[in-house]
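**Student:** mind looking at a prediction? Sequence and model below.
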Amino acid sequence: MIKRFFIKRPKPHYHVDQRPSNSDNMTNNTDVYINPDIVKLYAMTIEEFNTKIMQNKQKTQKAMRITLMLKLLLTLSSIFSIAQWLKSHHHGNVWALILVISEVAGVLLDTLPYFQQRIELPKTKLKLEHIYFDMIRDFTKFQRFEIDEREAQRRYWTHRRAWVNATSK
């Protein structure tokens, strides 16, 4: 489903499907033509960008939850092993081994992919949101006739290239 991002339309008659003929007075502004292909292109792309931003947000939250759970597990294992070691003084080698393993796992936690995603995904999300909002702004300008069709297409492809560059890194 395509979301509609129509703000205010011009007050005079708004015809998307009809081109004004050459005999019409273009300064009258009673018949205004907006290319429906460009409107559809912008609307579909904005929807696609919004979906990918939401997917990025979900991946970020998942990576943060997994990292938090791993850190919590390591912390609890360290605390539990120290407490048992101090409490019973039996099997000291076992509790020392658990402590060493949890400390090594804590150091290796920074190399796990989820930890790296937790850092990289929010940066990417900020770049993508910036491109997304720029595209919405330009689409609104096109609908308000602040930019013409050629400029709208140029800006569309500029945003598209910026999106590909932001997602490929």
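**Tutor:** Everything's here; your move. Numbering: from 1, shown residues only.

**Student:** output the below-cut-off pLDDT ranges for the chain.
**Tutor:** 1-33, 169 (pLDDT under 70).

**Student:** strands of that one, start to end?
**Tutor:** Ranges of strands within the chain are 14-15, 32-33, based on DSSP state E.

**Student:** what residues are up against the most centrally placed residue in the chain?
**Tutor:** With distances taken as CA atoms, centre = their mean, the residue of the chain nearest its centroid is I53 (2.3 Å). By CB atoms under 8 Å, 6 or more residues apart in numbering, the contact set of I53 is 125, 128-129, 132. Every C-beta, even on glycine, is put in place using the N, C-alpha and C of the backbone.

**Student:** one more time with 6 Å, if that's ok
**Tutor:** I53 makes contacts with L128, as judged by CB atoms under 6 Å, 6 or more residues apart in numbering.

**Student:** measure it to W163 for me?
**Tutor:** Per CB to CB, to the nearest Å, I53 is found 10 Å from W163.

**Student:** before we move on, what about P36?
**Tutor:** Separation of P36 from W163 (CB to CB) stands at 23 Å.

**Student:** neighbour-wise, which of those two wins?
**Tutor:** For P36 versus W163, neighbours defined as other CB atoms under 10 Å are more numerous around W163 (19 against 10).

**Student:** could you find the closest non-adjacent residue to the more buried one?
**Tutor:** Spatially, and ignoring its direct neighbours in sequence, W163 is nearest to I131 (5.3 Å; CB to CB, 6 or more residues apart in numbering).

**Student:** E151: neighbour count?
**Tutor:** Residues near E151, counting by other CB under 10 Å, number 13.

**Student:** wait, D37
**Tutor:** That count, for D37 with other CB under 10 Å as the rule, works out to 10.

**Student:** measure it to L68 for me?
**Tutor:** 47 Å.

**Student:** swap in S168?
**Tutor:** 29 Å.

**Student:** repeat that for N35.
**Tutor:** N35 sits 49 Å away from L68, going by CB to CB.

**Student:** what's the answer for T158, then?
**Tutor:** Distance from T158 to L68, by CB to CB: 38 Å.
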